[in-house]
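Asker: Structural data only, the sequence is not supplied:
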C-alpha cells in the first residue's frame, strides 16, 4: 500500500487582518490551515505526498468560501466535513508596532469541534497516511471524548506505519486548566514520532526552561525527533539521541508574526520529506518563517512568497 498523503487535523478559521490602511480584510487562518497551505506549496511536485486538511466546517457562506479558498491552494478537501447546523470559527488579528499579534475569537461552537465524530460516522481515509500532523490547539478545542477518539485514531495509524507529528502550540485560555492541558499534551507527545514545540510552550506547560531539560523530558516520553523552536535564539535538535543546534538570522523588518511557527513547521516537514537532514530542514524552515513574518496575515500571496524565499 502506498502512503502518498499527509493529513493535517484541526480547525481552520475565517481571518480578518488589518491591511496597511488599518481596514480589516477577509482571509482564512488557523494553525493547521497555515501548515496545510505552506506544506502544499513547498511539496507541490508530482512525486511528493498530497496534503489533506481533515476538519469540519458549516454550510454557511464563509464555509463555502473557505472550501473554494482551500481548493485554490491545491490542498485536498476530501476530508473536510460540512456540519448541517454549525459554522466555521472566526478571529480578528490585532498587530502592534513591533509586529506582535493578539487575537479576538468567535469559535465557541465551531463545526471543527465535531470532526472526530463526523469522521467516525463517515470514514473517508482509504489508505494509511505518510504523516499526520496535530497541534495542541486541536486538542484544546476538542471535548474529552473527541480527544480520546483522536488519540485512539492516531495510535492505530502509528501502528500501521504513519508518522505522527505534534506541535503543542499551547494557548492557556483555550484550556479549562493547566492540569488538563498537561495530561492531553503528554499523551500526544507519547504518540509522536516528531515533536515541534516552542520552548515557551514547554516552560509554561511543564516548567522546562531550557532545551536540554525539554529534550530529556520528551525523550522519556519516547519522542525520536525533537525540534525545539526558540525564536531568534535558534533551534535545538535531537534525532535518535544525537543533539545539534541551528542558529537563526534575526529578521529586522518584522511586519506580522502570525503563522511564524506554522510556516516553520511546514518548512521543516516538507524538507524532511524531501530527504534533507534535520539540521538542513531547520535552516530551510527558518527561512520560510522569515519570509512569512515580513508580510501581513497568515498566508503570504504565493508569488510574493516564492519571490522572497531564498532558492537555496
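Answerer: Received it, and whenever you're ready, just let me know what you need. These figures come from a predicted structure and were not determined experimentally.
Asker: next SSE after the strand or helix carrying residue 164?
Answerer: Assigned by DSSP states H and E, residue 164 falls within strand 163-167. Moving toward the C-terminus from strand 163-167, the next helix or strand (DSSP H and E) is helix 178-191.
Asker: picking that back up, outside of the strand holding residue 164, which residues touch it?
Answerer: Contacts to strand 163-167, defined as C-beta atoms under 8 Å, 6 or more residues apart in numbering, come from residues 31, 130-136, 154, 157-158, 188-189, 191-197, 261, 265, 269. To be clear about C-beta, it is placed using only N, CA and C from the backbone, and glycine gets the same treatment.
Asker: swap in stretch 236-255?
Answerer: By C-beta under 8 Å, 6+ apart, stretch 236-255 touches 95, 98-99, 199, 211, 214-215, 218-219, 224-228, 230-235, 278-279, 282-283, 286, 290, 293-296.
Asker: picking that back up, avg pLDDT for the strand holding residue 164?
Answerer: Strand 163-167 comes out with an average pLDDT of 98.
Asker: partner strands of it, parallel or antiparallel?
Answerer: strand 131-135 (parallel), strand 194-195 (parallel) (DSSP bridges).
Asker: Out of those, which gets nearest to residue 306?
Answerer: strand 131-135 (22.3 Å; C-beta to C-beta).
Asker: Could you identify the helix or strand that succeeds that closest one?
Answerer: Downstream of strand 131-135 (by DSSP H and E), the next one is helix 136-141.
Asker: Tell me which of the strands paired with strand 163-167 sits nearest to residue 36.
Answerer: Judging these by C-beta to C-beta, what sits closest to residue 36 is strand 131-135, at 8.4 Å.
Asker: which residues touch that closest one?
Answerer: So strand 131-135 is contacted by 6-10, 31-32, 35, 49, 150, 154, 157, 162-169, 188, 265, 269, 273 (C-beta under 8 Å, 6+ apart).
Asker: Hey, what's the angle from it to helix 178-191? Just curious.
Answerer: 170 degrees (axes from the mean of the first three to the mean of the last three C-alpha atoms, to 10 degrees).
Asker: May I see the buried residues of strand 131-135?
Answerer: The neighbour-count check on strand 131-135 (16 or more other C-beta atoms under 10 Å) flags 131, 132, 133, 134, 135 as buried.
Asker: In this structure residue 224 contacts residue 190, no?
Answerer: No - using C-beta atoms under 8 Å, residue 224 makes no contact with residue 190, being 11.9 Å away.
Asker: what sits up against stretch 220-229?
Answerer: Here stretch 220-229 makes contact (C-beta under 8 Å, 6+ apart) with 186, 189-190, 192-199, 202, 211, 214-215, 218-219, 235-240, 261, 264, 268, 278, 282.
Asker: on that earlier part again, got a quick PyMOL command for the buried subset of the contacts of stretch 236-255?
Answerer: Buried subset of the contacts of stretch 236-255, written as a PyMOL selection, criterion 16+ other C-beta under 10 Å:
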select buried, resi 95+99+199+211+214+215+218+225+226+227+228+230+234+235+278+282+283+286+290+293+294+295+296
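Asker: Of the contacts of stretch 236-255, which belong to strands?
Answerer: Assigned to strands by DSSP state E, the following of the contacts of stretch 236-255 qualify: 95, 225, 226, 227, 228, 235.
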